[in-house]
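Colleague: Sequence plus predicted model, see below.
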Amino acid sequence: MIDLRRPWGKWIGGLLGFALAGPWGAAMGILIGHLHDMRPQPRRTPWREDQEQIGRSVFMTGVVVLGAKMAKADGRVTRAEIDTFKRVFQISAAQEPAVGRLFDRARQDAEGYEPYAIQLAQAFRHNAAVLEEVLGGLFLIASADQAGLSSAEVIFLKRVAFLFGFDAEDFARIAARAGVRFQGAPPPRNAQAEAFAILGVPESASNDAIKTAYRALIRTHHPDKLMAQGMPAEFVATATEKMKRINGAYDTLSKLRGIK
């Protein structure tokens with residue numbers, strides 16, 4: 001488990017860096033803050049744990065900025081989008097002031113999000129499941145207001161997906177696992193078709209192929225596995241919701257096919 005007792009130097013440094021020089025300033029600020037956090041303490045934090053905290057700071061900065069700019073993509077940030085951001089990215093009372101300042105700074109416009117997406121893609125280039133969780137969270141924020149996904153929001157999401165290394169099929173599958181439908185996507189014909197989309201297998205797939213796909217998803221997207229790969233605990237609620245949709249999809253197909 002990541003120790004959260006000394007993350008504030010990185011957070012403050014990241015916030016100041018972002019305010020002065022954008023994403024790369026934020027990265028430098030995080031590094032400077034990290035050096036501040038490394039000052040002698042009564043009980044020293046192990047080196048590996050400090051590296052995990054740097055990764056956590058990069059993750060949190062990237063997710064907050066992308067979430068804020070996602071909310072602004074259609075021109076205005078609604079209360080529903082802010083509330084969904086808070087639900088998707090569960091922050092503690094202690095973290096809320098720092099997160100709020102960064103969110104407010106980032107939501108001034110929807111431009112300049114690409115470096116943050118690239119930074120996350122580089123940090124988690126070997127952990128695509130973590131990037132999928134981030135994109136899934138952005139889908140939820142974008143679909144929070146009553147108007148649903150706008151064309152500007154779809155463009156934003158597709159661009160982030162591309163920078164994360166996902167193709168068009170991945171994009172549609174991640175949207176289905178988030179429980180979101182986007183403009184231009186054909187609606188599923190029925191619950192069975194949606195279940196196949198969530199599991200990422202064709203409707204012609206054999207029972208063994210369905211089982212294999214389901215077991216692989218369970219192994220890859222289990223919240224504990226994602227946290228071990230660097231995803232902060234604050235994202236567990238979103239990962240758990242997606243696991244419920246994956247389990248529901250498998251239950252639907254098991255009943256349809258008589259899979260035991």
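Modeller: Here it is on my side, so go on. Just so we're clear, the structure is a prediction, and the values are computed from it rather than from any experiment. Numbering: from 1, shown residues only.

Colleague: so Phe166 makes contact with Ala172?
Modeller: No - assessed by C-beta atoms under 8 Å, Phe166 is found out of contact with Ala172, at 9.8 Å. Backbone N, C-alpha and C define where each C-beta goes, glycine included.

Colleague: now the helices for this structure?
Modeller: Remark: helices assigned in the chain by DSSP state H are 8-37, 47-72, 79-88, 96-106, 114-123, 128-142, 151-164, 168-177, 191-199, 207-221, 223-228, 236-257.

Colleague: List of residues touching the last one?
Modeller: Spelled out, that is helix 236-257. 87-90, 133, 136-137, 140, 177-179, 191-192, 194-196, 198-199, 207, 210, 214, 217-218, 221-223, 226-227, 231, 259-260 (C-beta atoms under 8 Å, 6 or more residues apart in numbering).

Colleague: For the residues you listed, which ChimeraX command selects only the ones that are buried?
Modeller: Applying 16 or more other C-beta atoms under 10 Å to those leaves a buried subset, and the ChimeraX line that selects it is:
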select :88,89,133,136,137,140,177,178,179,192,194,195,196,198,199,210,214,217,221,223,226,227,231
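
Colleague: which residues touch Ala117?
Modeller: Ala117 makes contact with 62, 66, 159-160, 163-164, according to C-beta under 8 Å, 6+ apart.

Colleague: quick check, nearest of these to Ile118?
Modeller: Using C-beta to C-beta, Leu163 comes nearest to Ile118 of those, at 5.6 Å.

Colleague: OK, contacts around that closest one?
Modeller: 114, 117-118, 121.

Colleague: Which pLDDT value belongs to it?
Modeller: For Leu163, the pLDDT comes out at 96.

Colleague: Then Ala172?
Modeller: On the pLDDT scale, Ala172 gets 86.

Colleague: I'd like to know how many residues surround it.
Modeller: 18 (other C-beta atoms under 10 Å).

Colleague: Kindly confirm whether my reading is correct that it touches Phe196.
Modeller: No - if you go by C-beta under 8 Å, Ala172 and Phe196 don't touch, sitting 11.6 Å apart.

Colleague: farthest pair in the contacts of Ala117?
Modeller: Pairwise over the contacts of Ala117, using C-beta to C-beta, the maximum falls at Gly62 and Arg159, 14.6 Å.

Colleague: between the two, which one's more packed in?
Modeller: Gly62 (24 against 14).

Colleague: What distance do you get for that one to Ala68?
Modeller: Distance, Gly62 to Ala68, using C-beta to C-beta, to the nearest Å: 11 Å.

Colleague: Arrange the contacts of Leu163 in CSV, one row each, with distance to Ala98 and pLDDT as further columns.
Modeller: Formatted as CSV, these follow (distance: C-beta to C-beta, whole Å; pLDDT from 0 to 100):
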residue, distance to Ala98, pLDDT
Glu114, 23, 92
Ala117, 21, 93
Ile118, 23, 92
Ala121, 24, 91
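
Colleague: Can you tell me which of those are buried?
Modeller: In these, burial by neighbour count holds for 117, 121, counting by 16+ other C-beta under 10 Å.

Colleague: what residue ranges in the protein score low on pLDDT?
Modeller: For the chain, the stretches flagged by pLDDT under 70 are 1-56, 91, 146-148, 182-189, 229-235.

Colleague: From what I see, Val201 and Ala209 are in contact.
Modeller: Yes - counting by C-beta under 8 Å, Val201 does reach Ala209; the two are 5.9 Å apart.

Colleague: who has more neighbours, these two?
Modeller: Neighbour totals were compared for Val201 and Ala209, and Val201 leads with 19 against 13 (other C-beta under 10 Å).
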